[in-house]
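1. Below is the sequence, then the predicted model.
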Amino acid sequence: MIRANVQTNQLDYVAAFSRPALALWGDGARILQGLYDSFEGLHQGLNDIKVEGDAAYPAQQAVTVAIRPNAYYRFRFERVEVQMVNFSPAQLASLPDILSRGDRWLRSSVQYLEFQSHVVSYSSHSKLEGATSSDILAGLTGPAFPILGERTGTGIIYRSKLPSRGWRTQLTLDHSLVVPDGLFVYFEILMSADQIEYGEALSFAQQLLDGAIANVGVQLDGDK
């Protein structure tokens, strides 16, 4: 098994509402108080809360809570967003708690609130021990174009579905443009559901990614 030492990574979560949360429109104090209280202990006060967007356009408005050291939670009237950048295993383990805090606040603040979908996407650029991305990608099937020169391996996009969970997935493997001879990994899951158990869902998503990467002889280190 070739070890892939993660150099940079990013995780994005976007949950779309079935209907906009307009019950909170025009009630900035309620939104700020709710987010402040819900994420207390994860932020360092009002300096970590930012109001964004043009007040004339509800879809552009947002309130963002910085979650130390390298994440944020953003509320919009149509969705919520969470991002973690260059996270450690311990920081990743805090994600279910972040999502649960936001979920509890939203459902207590908007009685009719329902999620249409949850999308989790992970990307990383890794340095491979004793190998290059060409070594990995050369073993994957793909069309040949000799006229273009020496083949260095073909990146893949693999789409699939898990009907029992109502999930759709997409895995991308390619050459990294950030790490020389490194491997780029992108994994996205679309969950078409209102309520999900965040800890279980994220743990299962991690299993899927680890299993898929292991299938090409690679083990991701540094963010698990």
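-> Okay, I see it. If you're wondering where the values come from, they're calculated on a predicted model, not measured in any experiment. Numbers count the residues shown, from 1 in each chain.

2. immediately after whichever strand in the chain runs longest, which helix or strand?
-> Across the chain, the longest stretch assigned as strand under DSSP state E is strand 2-17. Following strand 2-17 in sequence order, the next helix or strand is helix 28-38 (DSSP states H and E).

3. Now do that next one: distance to the chain's middle.
-> How far helix 28-38 lies from its chain's middle: 24 Å, per CA atoms, centre = their mean, to the nearest Å.

4. helices or strands up against that helix?
-> Under the contact criterion of 3 or more CB pairs under 8 Å, 6 or more residues apart in numbering; DSSP states H and E, helix 28-38 touches strand 49-52, strand 62-67, strand 71-75, helix 95-109. Every C-beta, even on glycine, is put in place using the N, C-alpha and C of the backbone.

5. ok, residues contacting that helix?
-> Outside helix 28-38, the residues that touch it by CB atoms under 8 Å, 6 or more residues apart in numbering are 24, 43, 46, 49, 51, 63, 65, 73, 75, 101-102, 104-105, 109.

6. quick revisit: quick one, which of the helices and strands packed on helix 28-38 is nearest to residue 39?
-> Of all the helices and strands packed on helix 28-38, it is strand 62-67 that lies closest to residue 39, at 5.1 Å by CB to CB.

7. Give me the three-state assignment for residue 186.
-> What DSSP: H, G, I helix; E, B strand; the rest coil gives for residue 186 is strand.

8. who are the neighbours in contact with the spatially closest residue to it that is not a sequence neighbour?
-> Excluding its sequence neighbours, the residue lying closest to residue 186 (CB to CB, 6 or more residues apart in numbering) is residue 172, at 4.0 Å. Applying CB under 8 Å, 6+ apart to residue 172 gives the contacts 155-158, 184-187.
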